[in-house]
Every structure is written in C-alpha cells, then in structure tokens.
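Enquirer: okay, sequence plus prediction incoming.
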Amino acid sequence: MRHWEALLHPTMPDLSTVREFNTTWAPSYTPVGIFVGGTSGIGQGIAEAFARHTKGNAHIVIVGRSAAAAAAILAGLPPAPTGAGATRDFVPCDLTSIASVKRVAASLGARFPRINLLVTTAGTINFESTITSEGLEATTAVWYYARWALVAGLLPAIRAAHAAGEDARVMAVLSAGQGTAVDLGDLGLKKAFKPVRDFAGFRAAGNQGSTYVDLMFKDYAVRNPGITTSPLTPEILATAKSIEVCGEHQLYALLKAQAGASRTGQDGDDIGMDLPATEEVQRTLWQHTEEVIGGIE
C-alpha cells in the first residue's frame with residue numbers, strides 16, 4: 001500500500017485479509033444472489049466471488065442486457081454440488097424502463113421467497129441526454145430509478161431472508177462518497193444532463209446521482225432495521241484491479257458491513273455516512289422517488 005493511501009484509508013484491507021475473511025463465510029442455507037449488471041466488470045467480479053466462496057452452492061441470477069455474456073459467465077462458475085438444486089439463470093431487462101424493471105422484480109420475488117444478496121452495478125455513459133418513453137432522463141433511470149424499483153419489488157423477499165436469520169444485504173455501486181449537493185429544482189437530473197458533451201461534464205452531472213443513491217440507502221436502512229444497505233465506490237482507472245481481485249474486495253465489503261446503512265470505498269474500507277444533504281432534502285427525494293416508481297417502503 002502506498003503511504004498516502006494508508007493515511008487516507010487507515011482501515012483499507014489488503015487482498016490477503018479480504019480473501020481470508022471471505023473464506024470464513026459459510027451460510028448453512030443455499031443463498032440467493034441477484035446481480036443486476038453482472039455481465040461485465042464489477043458486477044461480474046462480485047458474482048464470481050460469490051460463487052467461489054459458496055463453492056457453487058448458491059442460486060445465482062444475472063440481470064442485464066447481454067444473454068451471451070451472461071451465459072459465458074454462468075458457465076464458468078463452480079458447479080453446484082450434486083443434489084443441491086442450486087440454479088444459474090440470466091434474466092433480460094431494459095433498465096431504462098421502470099415498467100420492465102417492475103416486471104422482472106415481480107417475477108424474481110415470486111420465484112425466490114427469500115433473497116439474500118441484491119447487488120446493483122449497472123450503469124451507462126451517454127454524452128447525449130435522452131428522455132425515455134416514461135419521461136425519465138435515461139442515465140438517471142439506469143443509475144437510480146431502476147435500482148429502487150428493484151429494491152422495492154424485492155423487499156418482501158429480502159425481509160423474509162432477514163426474518164429467517166439469513167443474510168439480507170443490498171449493495172449499489174455508484175461513486176459512494178463522491179456526491180454533490182442535490183438541486184431540488186432538478187430532481188431527475190434532466191437539466192443537469194442536457195448540456196453534457198464530454199466525460200468531465202457527464203461526471204459532474206452524475207455526482208448528484210451518487211448523493212441520490214446514498215440518501216435512499218440511508219432512508220431504507222432506517223425503515224428496514226436489520227437489513228444491510230451499502231453504497232460502494234467503484235474502481236477508477238488509476239487503481240484498477242483485475243475483475244477477480246475487484247470481486248473479492250467488493251464481496252468483502254458486502255459481507256462485512258453491519259446491519260443498517262454504510263458506505264465503502266473501492267477496497268472495501270468504510271468511508272462513513274457524511275452526506276451533503278439535509279433531512280428536508282432526504283424527505284423530498286424520497287417523495288419524488290415514490291411518485292416516479294410507485295409505493296416504496
């Protein structure tokens with residue numbers, strides 16, 4: 001570890017510590033993991049680490065766009081133990097469409113009475129803002145509204161897992177801790193994304209979206225005691241890791257987080273919950289999100 005990194009992140013775990021911790025995770029049940037955006041990158045890495053540390057004895061569902069990519073990933077996972085009944089599936093979903101997301105959530109919730117891990121990593125980079133048929137800014141739909149439509153739809157199964165004494169954990173990957181103040185006059189970020197023409201502008205506009213996710217996770221944790229919610233900072237080019245190593249660190253972050261809301265850095269280190277928003281902003285954002293995707297709890 002570089003000296004300046006140690007000063008900034010005194011609790012930053014090294015890879016050996018991360019792997020040792022992950023190895024100790026041994027659920028007595030066959031866990032269910034839903035990985036939204038798991039056909040590449042961080043989502044793929046977490047899904048593969050989840051499969052490794054359960055020794056294949058897990059139900060694994062990848063939700064995304066590419067059936068071919070998902071098939072290749074699922075085929076490469078450790079096989080389920082004989083007679084365990086663990087399943088591997090791909091579920092296609094257009095994350096710009098909240099109606100599509102709701103249908104997928106309803107289907108998964110009916111299939112799995114208990115869901116233990118819900119990991120959302122899907123994202124998009126678009127230098128030309130698009131408004132969807134549902135009237136949403138497309139990037140915000142993928143980064144934010146789709147996540148909460150999924151969480152809202154799957155919440156009964158996540159709660160059921162907690163009630164049964166099982167893991168009940170939800171993670172979102174979207175620049176946790178890098179968010180900026182919320183503009184209450186532009187909820188949905190249509191104005192923010194409209195003038196974007198390059199990556200710098202895109203990132204600046206998107207930083208509000210990071211705050212959206214952080215705030216909603218914080219609110220969900222208060223409303224659902226015992227469930228673990230964890231926004232996560234994704235890998236950046238300057239410190240990029242292999243998909244395998246990245247997956248180990250993020251699974252560690254997900255499993256180590258205590259009940260309630262927490263935020264972790266790209267190595268699984270806790271970065272605190274100091275958010276650039278008041279309680280009024282948090283309430284207003286919650287109400288806005290309810291109006292867009294329907295009732296949430």
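Expert: Structure's in. What do you need?

Enquirer: CA only for contacts and neighbour counts going forward, please
Expert: Will do.

Enquirer: longest single helix anywhere in this structure?
Expert: In the chain, with assignment by DSSP state H, the single longest helix is helix 199-223.

Enquirer: can you give me the buried ones in it?
Expert: For helix 199-223, burial by neighbour count (16 or more other C-alpha atoms under 10 Å) applies to 202, 205-221.

Enquirer: what mean pLDDT does that helix get?
Expert: For helix 199-223, mean pLDDT is 86.

Enquirer: quick one: the strands in the protein?
Expert: Assigned by DSSP state E, the chain shows strands spanning 32-36, 59-64, 88-92, 117-120, 169-173, 228-232, 260-261.

Enquirer: so of these, which one's packed in deepest?
Expert: Stretch with highest mean neighbour count among the strands of the chain: strand 228-232 (a mean of 29; mean count of other C-alpha atoms under 10 Å).

Enquirer: how close does E134 sit to V292?
Expert: For E134, the distance to V292 equals 9 Å [C-alpha to C-alpha, to the nearest Å].

Enquirer: for T132, same thing?
Expert: From T132 over to V292 the distance is 13 Å, taken as C-alpha to C-alpha.

Enquirer: quick one: residues contacting N207.
Expert: Residues near N207 by C-alpha atoms under 8 Å, 6 or more residues apart in numbering: S175, Q178, G179, T180.

Enquirer: at 6 Å what do you get?
Expert: G179, T180 (C-alpha atoms under 6 Å, 6 or more residues apart in numbering).

Enquirer: next one: the one 4 residues further on
Expert: Under the criterion of C-alpha under 6 Å, 6+ apart, the contact list for T211 reads G179.

Enquirer: for this structure, which segments count as helices?
Expert: Counting by DSSP H, the chain has helices at residues 3-8, 15-23, 41-53, 67-75, 98-111, 138-140, 146-163, 190-193, 199-223, 243-256, 279-293.

Enquirer: take these and lay them out in CSV including distance to T124.
Expert: Formatted as CSV, the helices of the chain follow (distance: least, C-alpha to C-alpha, whole Å):
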stretch, distance to T124
helix 3-8, 29
helix 15-23, 29
helix 41-53, 13
helix 67-75, 17
helix 98-111, 16
helix 138-140, 6
helix 146-163, 12
helix 190-193, 13
helix 199-223, 11
helix 243-256, 18
helix 279-293, 20
